[in-house]
Every structure is written in C-alpha cells, then in structure tokens.
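**Student:** no FASTA, just this:
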C-alpha cells in the first residue's frame, strides 16, 4: 500500500469513527427515554472522558446527551476538521499545523473553561459548544498526520528489515 493510500485509509477510518461516535452520543438519550437497559452502558462509555453534568448538556428526548455541550462541540469540530482536512492538507503530504495555530484555537476554550471554573461567569451551552467546536477543528490535523506517520514509519521499517534479510540471503 503506497503513502497516499495509507493516509486515505487513516482519513476514512477517522471520518467513520467520529460519525459513529457522534451517533452513539445521540443514541444515549433515546435509549434512556425508552427505558432501555443499554442506556446505562452507553452513558458509562463516556463517563471517563466527560463529566456529563446534566445542566451543562444539551437534551434530546427529555434526556441529557451522553456528553456536555463543550465535549459535543469538540466532537462536531473533529467532524468539521476531518471534512476540511483534504482541502487543506490533501493526501500526499503529512504536515502538522504550526504550534501557534493550536494555541490560538485553544485560547477561547481555555479562557471560557477557566472563567467557569473560577466562578467568574457561567457560559451558555452554545458558548461552550462553540469554544469546543473551534478547538475540535484542529485536532484531526494532528491525529490523521500522527497516525498516518506512525503506520508509514512501521511500513518503512518492515521494508528495511525485508531488504536486509534479502541481502543476507544473497551474501
């Protein structure tokens, strides 16, 4: 498999993964509204990564989503960033964004979360969502590049080992 195909594979797996992840987030309140025993499992999947405070979450079917508004924004940002990835990076090169871009898109979320934590203000769901969304937009540009680079290096190392074995056999 060549370089472009490996990057494409990581891209499509990322895209499929985030779509499924978002689907499960929206499935949780539906299952709870139907008194399904599966709802507890679905919510528990998200417990290690989100506080799931109901008053900080959007609601659907009269139940909170499986994640808070900020986490939901991050995941929708990841979906948006994954959609933008081919337009900005393409599939033939691997380039990380500049660190200052990461810092710039992180500042609104850090400021908002810090202000909430210090009880300086209480942000609305939509502010939380938007700051998370902005931060989530950049994440695929690190994730896709990092995972693709990892697998490309492993493939190169395997090719090098095979070549060394081939040379030893000829000697």
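**Tutor:** Good, I have the coordinates. Computed from a predicted model, the values in this text were never measured in an experiment.
**Student:** what's the neighbour count on residue 100?
**Tutor:** 8 (other CB atoms under 10 Å). C-beta coordinates here come from the backbone N, C-alpha and C atoms, glycine included.
**Student:** Provide the secondary structure category for it.
**Tutor:** Here residue 100 takes the helix state, with states given by DSSP: H, G, I helix; E, B strand; the rest coil.
**Student:** ok, so what distance separates it from residue 150?
**Tutor:** 25 Å (CB to CB, to the nearest Å).
**Student:** Give me the contact list for stretch 137-153.
**Tutor:** By CB atoms under 8 Å, 6 or more residues apart in numbering, the surrounding residues in contact with stretch 137-153 are 3, 6-7, 10-11, 14, 74, 77-78, 80-82, 84-85, 88-89, 94-97, 101-102, 105.
**Student:** And those residues, which of them are buried?
**Tutor:** By neighbour count, with 16 or more other CB atoms under 10 Å, the contacts of stretch 137-153 hold 6-7, 10-11, 14, 74, 77-78, 80-82, 85, 89, 94, 102, 105 as buried.
**Student:** For residue 41, give me its contacts.
**Tutor:** With CB under 8 Å, 6+ apart, residue 41 has no contacts at all.
**Student:** do that again at 10 Å, thanks
**Tutor:** 28, 31 (CB atoms under 10 Å, 6 or more residues apart in numbering).
**Student:** what's the answer for the one 4 residues further on, then?
**Tutor:** Counting by CB under 10 Å, 6+ apart, residue 45 touches 21, 24, 25, 28, 66.
**Student:** Go ahead and confirm the first one touches residue 78.
**Tutor:** Yes - counting by CB atoms under 10 Å, residue 78 is a contact partner of residue 21 at 8.4 Å.
**Student:** Can you tell me how far residue 101 is from residue 88?
**Tutor:** As judged by CB to CB, residue 101 and residue 88 stand 11 Å apart.
**Student:** one step back: in helices, which of the contacts of stretch 137-153 fall?
**Tutor:** 3, 6-7, 10-11, 14, 74, 77-78, 80-82, 84-85, 88, 101-102, 105 (DSSP state H).
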